[in-house]
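K.L.:
coords below, sequence missing:
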């Protein structure tokens, strides 16, 4: 009888251990966003009843896992309020998800096409090795006025929204490591 109880107890214990292993770990933000946009390079962001065209840039590590997904683009100056509101909403969502916001803003140099580098001041959110960076840069042109004076004119906004997992950035395949 003791043997039967032992076998039943052992089976229950093994089933319990197997069930605990099957509990899925929460998906990282970079994986979630990558799965949404992995098959496209252009998207439409709908916010405030308006549409904003964006490009997607995905960076993979040596193990072909995403470590960064960036949505970026340029929108007309009349979209400034919509972009600012979107940036705030993204930040609030990150705070609700347990991210901590670093005080201040930080410059990020971004050159997506190799033609023109944008330096965007971003708000930085972090949760463990995960981060989110949201920034908007006003693009100004200096127009000459009738009296020969130059007057800055806000013509568009460059936006930069990124999710990243820093722990994946420098991952290397075992065969790629230098050994001597």
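P.N.:
Great, that's in hand. None of these values were measured; they are calculated from a predicted model.
K.L.:
nearest spatial neighbour of residue 122, skipping sequence neighbours?
P.N.:
With CB to CB, 6 or more residues apart in numbering as the criterion, residue 122 has its nearest non-adjacent residue at 3.5 Å, and that residue is residue 135. In this view, the C-beta of every residue, glycine as well, is placed from N, C-alpha and C.
K.L.:
tell me the mean pLDDT for whatever helix or strand the one you found lives in?
P.N.:
If you go by DSSP states H and E, residue 135 is part of strand 130-144. On average, the pLDDT along strand 130-144 is 87.
K.L.:
Buried ones in it, by neighbour count?
P.N.:
Residues of strand 130-144 classed as buried by neighbour count (16 or more other CB atoms under 10 Å): 130, 131, 132, 133, 134, 135, 136, 137.
K.L.:
residue contacts, the fourth one?
P.N.:
Under the criterion of CB atoms under 8 Å, 6 or more residues apart in numbering, the neighbours of residue 133 are 106, 108, 122, 123, 124, 125, 160, 161, 162, 164.
K.L.:
Columns pLDDT, distance to residue 52 and secondary structure on top of those residues, output as TSV?
P.N.:
Listed next are these as TSV, based on pLDDT from 0 to 100; distance: CB to CB, whole Å; DSSP: H, G, I helix; E, B strand; the rest coil:
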residue	pLDDT	distance to residue 52	secondary structure
106	91	23	strand
108	90	19	strand
122	94	17	strand
123	95	18	strand
124	96	22	strand
125	96	21	strand
160	94	13	strand
161	95	11	strand
162	95	16	strand
164	94	21	strand
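K.L.:
quick one: the helices in the chain?
P.N.:
2-22, 29-37, 80-96, 166-169 (DSSP state H).
K.L.:
now the chain, which segments are flagged as low pLDDT?
P.N.:
The chain contains residues with pLDDT under 70 at 1-26, 114, 144, 146, 171-180.
K.L.:
any idea how far residue 130 is from residue 96?
P.N.:
In this view, residue 130 and residue 96 are 14 Å apart by CB to CB, to the nearest Å.
K.L.:
cool, and residue 110?
P.N.:
Distance from residue 110 to residue 96, by CB to CB: 27 Å.
K.L.:
out of those two, which sits in the more crowded spot?
P.N.:
Of the pair residue 110 and residue 96, residue 110 is the one with more neighbours under other CB atoms under 10 Å, namely 20 against 8.
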